[in-house]
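Q: One predicted model, sequence on top.
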Amino acid sequence: MGEGDGLRDYRGRRDFGRTGEPAGRGTSARGGEPRFVVQIHDASTLHFDFRLQVADVLRSWSVPKGPSADPGDKRLAVPTEDHPLEYEEFEGVIPAGEYGGGTVIVWDHGTYEPLSHDRRGRRVDFGESLAHGHARFRLHGAKLRGEYALTRFRGGRDGDAEEAWLLVRTATGGASRGSGTPDPRRARSARTGRTLARVAAEDGEK
Ligand code: MN
């Protein structure tokens, strides 16, 4: 999942004649703050997908339990292929039998502020901090607000082990305990207010 892979992995896994997901051709970043999106994906296993815009793609992690607002929770985050920027808007049903088949809702989205610094307090390029396996950022979403960090604890430069990261709410910035993550089956889309079941019922037969 190094830099320069672009969207080749993403496109290689999908048949755009069958899935309604965006092919992401010819789009590049707009100005302004970088974007993030958290989707709930009812695939073979129900999980959250956490995506951060880095340059022209959404860097992506599958987070089985979803992000937590409680700094005491360490959430496993497994990297997946870069997604196109338009994926931020994707909500719908990926047909059964296709890659990632199942229902997707946009649980939260917004902008984020990169916060990575080196030991001398100088700001580090965000993509570079991810390459080094540790990045901090402040989310400005409809639901998620505050400072989070992604830290790689397995794989990466040191070998063949599959990469694994932790997504953690940092204790700085007035984070409070006990807010956790809502039940993904009851959670509503930040875009349309719909639940997974509602999207499955409305978009499933298209
Ligand atoms: Mn997914």
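A: That came through, no problem. Residues are numbered from 1 along each chain as shown.
Q: When you work out contacts or count neighbours from here on, use the C-alpha atoms and nothing else.
A: Noted.
Q: Distance from stretch 77-88 to the middle of the chain?
A: 6 Å (Cα atoms, centre = their mean, to the nearest Å).
Q: now stretch 64-74
A: Using Cα atoms, centre = their mean, the offset of stretch 64-74 from its chain centre is 14 Å.
Q: quick one: average pLDDT of it?
A: Per-region confidence: stretch 64-74 scores 93 on mean pLDDT.
Q: Give the buried residues for that stretch.
A: 64-71, 73-74 (16 or more other Cα atoms under 10 Å).
Q: What is the end-to-end distance of stretch 121-131?
A: Start-to-end span of stretch 121-131 (Cα to Cα, to the nearest Å) is 18 Å.
Q: List the buried residues of it.
A: Result for stretch 121-131 [16+ other Cα under 10 Å]: buried residues 126-127, 129-131.
Q: Same question for stretch 133-147.
A: For stretch 133-147, by 16+ other Cα under 10 Å, it's 133-141, 144-147.
Q: I'd like the residues you listed as CSV, with distance to Val199 appended.
A: As requested, the buried residues of stretch 133-147 are arranged in CSV below (distance: Cα to Cα, whole Å):
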residue, distance to Val199
Gly133, 35
His134, 35
Ala135, 33
Arg136, 33
Phe137, 31
Arg138, 29
Leu139, 26
His140, 25
Gly141, 21
Leu144, 22
Arg145, 26
Gly146, 29
Glu147, 30
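Q: How about the contacts made by Ala77?
A: Listed by Cα atoms under 8 Å, 6 or more residues apart in numbering, the contact set of Ala77 reads 61-64, 164-167.
Q: What are the boundaries of the helices in the protein?
A: 8-12, 126-131, 196-203 (DSSP state H).
Q: could I have the first one exported to CSV, CA atoms only?
A: Below are the C-alpha coordinates for helix 8-12, written out as CSV (Å, rounded to 0.1, in the frame of the first residue of the first chain):
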residue,chain,number,x,y,z
ARG,A,8,-4.9,0.5,-9.4
ASP,A,9,-5.8,-1.9,-6.5
TYR,A,10,-9.1,-0.3,-6.1
ARG,A,11,-10.1,-0.6,-9.7
GLY,A,12,-8.6,-4.1,-10.1
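Q: I'd like to know which elements it is packed against.
A: strand 74-84 (3 or more Cα pairs under 8 Å, 6 or more residues apart in numbering; DSSP states H and E).
Q: outside of stretch 38-57, which residues touch it?
A: So stretch 38-57 is contacted by 6-7, 27-29, 34-37, 58-67, 82-85, 100-109, 126-127, 184, 196 (Cα under 8 Å, 6+ apart).
Q: the strands in the chain, which residues?
A: 35-42, 46-54, 57-63, 74-84, 92-94, 102-114, 134-141, 145-154, 164-169 (DSSP state E).
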